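Undergrad: Sharing a model that was predicted from the sequence below.
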Number of protein chains: 2
Amino acid sequence: MSDTEPSWDFYRTFLTVMQEGSLSAAARELGLTQPTIGRHIDALETSIGFQLFIRSTQGLIPTEAALELRPHAEQLAAKAAALLRAASGQGGGVRGTVRVSASEMIGVEVLPPMLAALKDEHPNLIIELSLSDSVEDLLRQEADIAVRNITPTQDALIVRRIGNIPIGLHAHRRYLDKHGTPEKLEELPLHRTIGYDRESAYVRALRRSVPLMDLMQPSFRADSNLAQIAAIRAGFGIGACQVKLAKRDPDLVRLFEAEFELPLETFVVMHENLKTTPRCRVTFDALVDGLLAYIGR
Amino acid sequence: MSDTEPSWDFYRTFLTVMQEGSLSAAARELGLTQPTIGRHIDALETSIGFQLFIRSTQGLIPTEAALELRPHAEQLAAKAAALLRAASGQGGGVRGTVRVSASEMIGVEVLPPMLAALKDEHPNLIIELSLSDSVEDLLRQEADIAVRNITPTQDALIVRRIGNIPIGLHAHRRYLDKHGTPEKLEELPLHRTIGYDRESAYVRALRRSVPLMDLMQPSFRADSNLAQIAAIRAGFGIGACQVKLAKRDPDLVRLFEAEFELPLETFVVMHENLKTTPRCRVTFDALVDGLLAYIGR
DNA sequence: TGTCGCTCATGCATTTGTGTATATCAGATA
DNA sequence: TATCTGATATACACAAATGCATGAGCGACA
């Protein structure tokens, strides 16, 4: 065990090897060569005093220790990326990289036009969009700004409440023509429905507020809201999706408009430290304005 | 502006230069030479595309940009240190480095015997003690375990409430012999008292709960509780300190035992991810047990 | 079985980075 | 003014890290 601190570059190499699964793949990723990567890992291992990988001819198998160090290396990488983003914003005016995190649905269906307009206004702005629902993004600085659907509990965050995005039950006209349009909620179990795959916290909360959900045995299960809306559009059956999104397609029919509507609370969140940073400031404002317009105030 | 990501080692060099104020000092700190440090900074500057320091013959003056990047580099360093601590704990059993954060008072007067006993029990444990009251330590992983006096609001933390450490007014017998012992609280303004220098959040809360405090114009002001207790011990005047600590010195007299007692809530806090880590687990337990014993259950 | 594609390991030439030594400048002190 | 101590910058030699080329092992597939 050497007494001197290992090069921080070794941590990056280590993480890349963990992510890619082999020295060669990590080398391609980092723009280095496989022998170099191998030597980095060797050096890191001797430095910390234990083995990180079991070498095999079909790749590297991480040891327990390596698995335990991985999250640390990921956080390190997140910080390094955040530093680089901060650096990219230097030089006056609105410039540099801003990283936005949003759910798949919001990120794919709702944000793009807003971000496009923002880019038109600020040509020097580079926008990264990370599709994730993790609440910890901002604190780990994996993103600068997040669009979230639950109240952020953490301090040190600037939270702007947008309002409720209405969720309704929808089906494609083609499906309804073939299988009939349910008149009463009780008929729902007789229909092909689209639901969640795993029992996430959100789904459990949903079950509590809508007891009816328990009766439904979805014939199409997907955790991805995007996959769900794709299934609705494909005429697979009846599913829940944002009312505003469904309205864009004239062939999507809303069902039980009076009886069924879930509110999806929406927030735009940013770390307090970034509020004076021009690139984050304008992006935050643009998202707030855009989303307010989207829900129709 | 180069397109390739700078070496993470450059970040470490940058931070050290910021901390030390010169290339030469940073070189000594890092065990490298001044030309090497200079080249690192050069490389980092060309990589991010703007100047970080204005060179002068008596050191380096950081630019605005450098000042803005510094906190990012510090967080990066904290993460790197946390990774290394995690690595130090590998290998089975209780081993490696654990970093404890506590207030000056607790860290100097209360913890040392507990930590000594802990070390006796686990010889392979290396204990780092960081004296700080910052609440963000744990989230930034600047420490593994913290002893705090306010309720931690953040999620993802394991919080163990210890109880209240009683704070009382005390003076040295020598002072009382010379200036008399106040009989009523109203006499306090006539005495030499010891108080806080700046209006911290804690002091404001204290003022609210003890209106009398407003009448006192401390003749000795210090933010450091250690300095305050030192002043009490030196017979400077009347000040507040932990009752348990005062009891250790037979010449310290408690005043207004019936009328004045502030509770100092105490918690031991750890990040949830560390609860399965042996070195953190045993240290957490030792601190909880030790502090419970200290307040006398 | 032979070949292709992937992997890691190793020897060697080259590039890159580092250290040593030195020059230069600014400020404090006698 | 002379001197000492701190700082950065630069030239040059050396050490260290990297890339290249190659060898060898394993699995998929024809």
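TA: Cool, got the structure.
Undergrad: Tell me if the helix ranked longest in chain A is near chain B.
TA: Ranked by number of residues, the top helix in chain A under DSSP state H is helix A:64-88. Yes. Applying CB under 8 Å from any CB of the partner chain, one finds that helix A:64-88 is in contact with chain B at A:65, A:68-69, A:71-73, A:75-76, A:79-80, A:82-84, A:86-88. Yep, even glycine has a C-beta here, placed from its N, CA and C like the rest.
Undergrad: How many residues are close by the nearest residue to residue A:237 once chain neighbours are set aside?
TA: In this structure, residue A:237 finds its nearest non-sequential neighbour in residue A:192, 3.2 Å apart by CB to CB, 6 or more residues apart in numbering or on different chains. By the criterion of other CB atoms under 10 Å in any protein chain shown, residue A:192 has 17 neighbours.
Undergrad: Residue A:192 and residue A:180 touch, don't they?
TA: No. Judged on CB atoms under 8 Å, residue A:192 makes no contact with residue A:180 at a distance of 11.5 Å.
Undergrad: Can you read off the pLDDT for residue A:129?
TA: For residue A:129, the pLDDT comes out at 90.
Undergrad: do the same with residue A:92
TA: Predicted confidence (pLDDT) for residue A:92: 82.
Undergrad: Longest strand in chain A, please.
TA: What stands out as the longest strand in chain A, according to DSSP state E, is strand A:157-172.
Undergrad: So which bits of whichever helix or strand comes after that one are buried?
TA: Heading C-terminal from strand A:157-172, the first helix or strand you meet, by DSSP states H and E, is helix A:173-179. Of all the residues in helix A:173-179, those buried under the rule 16 or more other CB atoms under 10 Å in any protein chain shown are A:175-176.
Undergrad: Residues touching helix A:173-179, excluding its own?
TA: For helix A:173-179, contacts defined as CB atoms under 8 Å, 6 or more residues apart in numbering or on different chains pick out A:191-192, A:235-238, A:251-253.
Undergrad: tell me the contacts of the spatially most central residue of chain A?
TA: Residue closest to the average C-alpha location in chain A (CA atoms, centre = their mean): residue A:132, at 1.2 Å. Listed by CB under 8 Å, 6+ apart, the contact set of residue A:132 reads A:101, A:103, A:142-143.
Undergrad: Let me see the ranges of the strands in the stretch 151-297 of chain A.
TA: With DSSP state E, counting those that start in this stretch, the ranges of strands along the stretch 151-297 of chain A come out as A:157-172, A:194-195, A:220-221, A:239-242, A:252-255, A:262-271.
Undergrad: What mean pLDDT does the fifth one get?
TA: Per-residue pLDDT values across strand A:252-255 average out to 95.
Undergrad: what about the residue of the stretch 51-200 of chain A found nearest DNA strand D, distance to residue A:24?
TA: Nearest to DNA strand D, among the residues of the stretch 51-200 of chain A, is residue A:57, at 4.0 Å (CB to the nearest atom of the strand). If you measure residue A:57 against residue A:24 using CB to CB, to the nearest Å, the figure is 11 Å.
Undergrad: The two: which has the busier surroundings?
TA: residue A:24 (16 against 4).
Undergrad: Need the three-state assignment for the more buried one.
TA: Three-state call for residue A:24 (DSSP: H, G, I helix; E, B strand; the rest coil): helix.
Undergrad: residues contacting it?
TA: Applying CB under 8 Å, 6+ apart to residue A:24 gives the contacts A:34, A:37.
Undergrad: let's see 10 Å
TA: Contacts for residue A:24 were tallied using CB atoms under 10 Å, 6 or more residues apart in numbering or on different chains; they are A:17, A:33-34, A:37-38, A:59-60.
Undergrad: Sketch out the low-pLDDT regions of the stretch 101-250 of chain A for me.
TA: Within the stretch 101-250 of chain A, the stretches with pLDDT under 70 are A:136, A:201, A:209-215.
Undergrad: do that again at 80, thanks
TA: A:133-137, A:153-155, A:197-217 (pLDDT under 80).
Undergrad: can you give me the helices in it?
TA: A:104-105, A:111-121, A:173-179, A:201-209, A:225-233, A:243-247 (DSSP state H, counting those that start in this stretch).
Undergrad: Can you tell me the element residue A:35 falls in?
TA: helix A:34-48.
Undergrad: ditto for residue A:90
TA: Assessed by DSSP H and E, residue A:90 sits outside every helix and strand.
Undergrad: List the contacts of it.
TA: A:96, A:277, B:48-52, B:63-66, B:68-69.
Undergrad: what's the burial count for the nearest residue to residue A:75 once chain neighbours are set aside?
TA: Leaving aside its chain neighbours, residue A:75 sits nearest to residue B:79 (5.1 Å; criterion: CB to CB, 6+ apart). When neighbours are counted by other CB under 10 Å, residue B:79 registers 25.
Undergrad: got the contact list for the closest residue to residue A:216 other than its chain neighbours?
TA: Leaving out its chain neighbours, the residue that sits closest to residue A:216 by CB to CB, 6+ apart is residue A:193, at 5.0 Å. The contact partners of residue A:193, by CB under 10 Å, 6+ apart, come to A:169, A:171, A:213, A:215-221, A:231, A:236-240.
Undergrad: How about the residues of chain A by DNA strand D?
TA: A:9, A:31-36, A:39-40, A:57-58 (CB under 7 Å from any atom of the strand).
Undergrad: pretty sure residue A:171 is in contact with residue A:236, am I right?
TA: Yes. Between residue A:171 and residue A:236 a contact is recorded at 8.8 Å, counting by CB atoms under 10 Å.
Undergrad: between the two, who's got more neighbours?
TA: Each of residue A:171 and residue A:236 has its neighbours counted (other CB under 10 Å); residue A:171 has more, 27 against 19.
Undergrad: May I have the beta-bridge partners of the closest residue to that one other than its chain neighbours?
TA: Distances taken as CB to CB, 6+ apart place residue A:238 nearest to residue A:171, at 4.5 Å, with adjacent residues excluded. Using DSSP bridges, the bridge partners assigned to residue A:238 are residue A:193.
Undergrad: Hmm, residue A:185 and residue A:238 touching each other?
TA: No. Applying CB under 10 Å, one finds residue A:238 not in contact with residue A:185, separated by 11.1 Å.
Undergrad: Looking at the two, which has the bigger crowd around it?
TA: With neighbours defined as other CB under 10 Å, residue A:238 and residue A:185 compare such that residue A:238 has more, 28 against 15.
Undergrad: Show the contacting residues for that one.
TA: Residues near residue A:238 by CB under 10 Å, 6+ apart: A:169-172, A:175-176, A:179, A:181-182, A:188, A:191-195, A:216, A:218-220, A:231-232, A:253, A:255-256.
Undergrad: If we use 7 Å, what do you get?
TA: Residues near residue A:238 by CB atoms under 7 Å, 6 or more residues apart in numbering or on different chains: A:169, A:171, A:191-194, A:255.
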